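Colleague: what would the 3D arrangement of this be:
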Amino acid sequence: MSDDSQQPIIVKRIKKGGGGHHGGAWKIAYADFVTAMMAFFLLMWLLGSTAKGDLQGIAEHFQTPLKIAMAGGSGSGDSSSVIKGGGKDLTRTTGNTKNGDIEAEKKRLNLQALKAEREAQEKQTLEGIKAKIEKLVEDSPNLRQFKSQMLLDITSEGLRIQVVDEKNRAMFDTASADLKPYTRDILRAIGKALNGVPNHISLAGHTDATPYAGGDRGFGNWELSTARANASRRELIAGGLDEGKPIRVVGLASTVLFNKADPGDPMNRRISIVVLNKQAEAAILADGKKVDVGDESEVQPAVKGALAEPPPAAR
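Modeller: Residues are numbered from 1 along each chain as shown. Presented below is the predicted three-dimensional model:
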């Protein structure tokens, strides 16, 4: 046998090393757990220290974020961002809830209802006064003959009673503030009837558009209408009206014509007595505020145009 057959067979075994160290995975899991617990306790602390209204605002923001983003509105981020946020203002310490808005709306509606009810009652009262005066005129033979010269209606200021001139029966002496005897009777009867109501009254004197003779000497239709209004006030008081009830006495000359088509119509010469409603009364008595004078001082464009024209010749 050859020497080659006697050579030993050598088997090489490769010894593999042991597995790597696996001890670091639990640390990552523990760190995640601790972070989650910190976040949880932080959330609990925030929920415990946040007002109820703010919590509702946060909930509403996340319930409809797209709607808020599309529609816009003021929210918690408005104070520090140029882009308007949505939801309630979380910086407010008192909270901002829908309940507050609902209560405010209910209060507003209740006030409107009370105001409407009060105005309806007041209108009913004025209608009763109107009926009382009309009955007074009908029942008095002395006043019934002047029925056509007494006009009663309800305006934005209250119950308006107008005593007007007729062509052949004037209330005052010509170009004077002296009342005719029958005018005194009418005004005193009205004064007695009005004293029983709590409302204040307003008086206005009116003239036609005919210039006052001698007006170039400083006394014209403005002065005449004012003097007649004040003379009427004195007669109302003489009839029994309390002196404190009149709160406005004005002369309007020919600025508010009764018959705009005929500025010289005798009916434009009249005394207007208004039993004021509460709104008009408050506006007049409000010191330093704008006064809503209503129908009595409204100068219509047509009247303004008529006043711009040359006045008719003096009588």
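
Colleague: how about the strands in this structure?
Modeller: Counting by DSSP state E, the chain has these strands, from start to end: 150-154, 158-164, 201-206, 246-251, 270-276.

Colleague: can you pull out the helices in this protein?
Modeller: 25-49, 52-63, 65-71, 98-139, 141-144, 181-194, 221-238, 278-285, 301-308 (DSSP state H).

Colleague: buried residues of the shortest one, list them for me.
Modeller: This points to helix 141-144. Residues of helix 141-144 classed as buried: residue 143 (neighbour count, 16 or more other C-beta atoms under 10 Å). Glycine gets a C-beta too; all of them are placed from N, C-alpha and C.

Colleague: contacts for it next, please.
Modeller: 136-138, 150, 182, 185-186, 189 (C-beta atoms under 8 Å, 6 or more residues apart in numbering).

Colleague: which of the helices of the chain has the lowest average pLDDT?
Modeller: Among these, helix 301-308 carries the lowest mean pLDDT, at a mean of 33.

Colleague: residue closest to the middle of this structure?
Modeller: With distances taken as C-alpha atoms, centre = their mean, residue 112 lies nearest the centre of the chain, 10.1 Å away.

Colleague: separation between it and residue 124?
Modeller: Distance, residue 112 to residue 124, using C-beta to C-beta, to the nearest Å: 19 Å.

Colleague: also residue 156?
Modeller: 16 Å.

Colleague: equivalent analysis for residue 260, please.
Modeller: For residue 260 relative to residue 124 (C-beta to C-beta), the value is 31 Å.

Colleague: those two: which is more packed in?
Modeller: The neighbour count for residue 260 versus residue 124, taken as other C-beta atoms under 10 Å, is higher for residue 260 (14 against 9).

Colleague: where does that one fall, phi/psi-wise?
Modeller: phi -70, psi -30 (degrees, to the nearest 10).

Colleague: confidence score at the nearest residue to residue 192 once chain neighbours are set aside?
Modeller: In space, and not counting its chain neighbours, residue 192 is closest to residue 240: 4.2 Å by C-beta to C-beta, 6 or more residues apart in numbering. Looking at residue 240, its pLDDT is 95.
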